[in-house]
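>>> Coordinates for the following, if possible.
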Amino acid sequence: MAKSGAVNYYPQQPQPGYPVGEVFAPPLRPPQGQQEWSTGLCGCFDDPGNCCITCLCPCITFGQIAEIVDKGSSSCGVSGALYGLLCSFTGCQCIYSCFYRKKMREQYSLPASPCADCLVHCCCEGFALCQEYRELKNRGFDMSIGWQGNMEKMNGGVQMVPPPMQGGMHY
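Have a look, this model is predicted:
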């Protein structure tokens, strides 16, 4: 059964037990134990805008999901274009997208529900993409700004920049 309400594993304030004055980093993994999906597979009309976009151009939704699940190591555009090419030339885009569902489930300890990832994507591709999109959105991600935008938002608008390098050896 799906829980109602948003689940956010990226709290904005330090939790008890963190020393005061130290940098607080959100947990990379959710609490141990299996969690539930925040919405059901057939809850597409919970977000009608995303439902329409996914029906008309699923590569957009897939690209947004892939960028967040990959934590910014792949871009929305590249992932979406690859998905679109697979769809156009092979019709087997569901095999590609099922790997992202599996990766997302592992990141958030979600069950393989209602059945195996590849079966969900092969039989219900649009429903699966909409559910994954809603799950990330309910976990606090703004899907329209990508991974980098979400990280800046979660860090209070502060962009993390490496310190400047000192000059080399001088003679």
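>>> Count the residues that sit near Cys122.
15 (other CB atoms under 10 Å). Placement of C-beta: from N, CA and C, glycine included.
>>> how far away is it from Asp142?
Distance, Cys122 to Asp142, by CB to CB, to the nearest Å: 30 Å.
>>> contacting residues for Ser144?
Contact analysis of Ser144 by CB atoms under 8 Å, 6 or more residues apart in numbering lists Gln64.
>>> what residue ranges in this protein are flagged as low confidence?
1-34, 157-171 (pLDDT under 70).
>>> can you map out the helices along it?
Taking DSSP state H, the helices of the chain run over residues 48-56, 58-69, 76-89, 93-108, 117-123, 125-138, 146-154.
>>> where's Cys98 relative to Gln35, distance?
Taking CB to CB, one finds Cys98 at 20 Å from Gln35.
>>> go on, Leu110?
6 Å.
>>> With Ala66 instead?
For Ala66, the distance to Gln35 - CB to CB - is 21 Å.
>>> Which one's more surrounded, those two?
Using other CB under 10 Å as the criterion, Ala66 and Gln35 rank with Ala66 on top: 26 against 18.
>>> Who are the contact partners of that one?
Contacts of Ala66 by CB under 8 Å, 6+ apart are 74, 76, 79-80, 83, 100.
>>> Asp142 too?
149-150, 153.
>>> quick one: which of these is most hemmed in?
Busiest of these [other CB under 10 Å] is Asn150, holding 21 neighbours.
>>> In this structure it contacts Ile68, no?
Yes - using CB atoms under 8 Å, Asn150 is in contact with Ile68, at 7.2 Å.
>>> anything in contact with each of those two?
Listed as contacting both Asn150 and Ile68 by CB under 8 Å, 6+ apart are Phe141.
>>> Chain neighbours aside, what residue packs nearest to Pro58?
If you skip the residues right next to it in sequence, Pro58 has Leu129 as its closest partner in space, 5.7 Å away by CB to CB, 6 or more residues apart in numbering.
>>> Neighbours of that neighbour, how many?
If we define neighbours as other CB under 10 Å, then Leu129 has 29 of them.
>>> what's the answer for Glu135, then?
Applying other CB under 10 Å, we find 22 residues neighbouring Glu135.
>>> And for Glu152?
Glu152: 14 neighbours (other CB under 10 Å).
>>> got the phi/psi numbers for Ser38?
Main-chain torsions, Ser38, degrees, to the nearest 10: phi -70, psi -20.
>>> can I assume it is in contact with Asn138?
Yes - with contacts counted by CB under 8 Å, Ser38 reaches Asn138, the gap being 4.1 Å.
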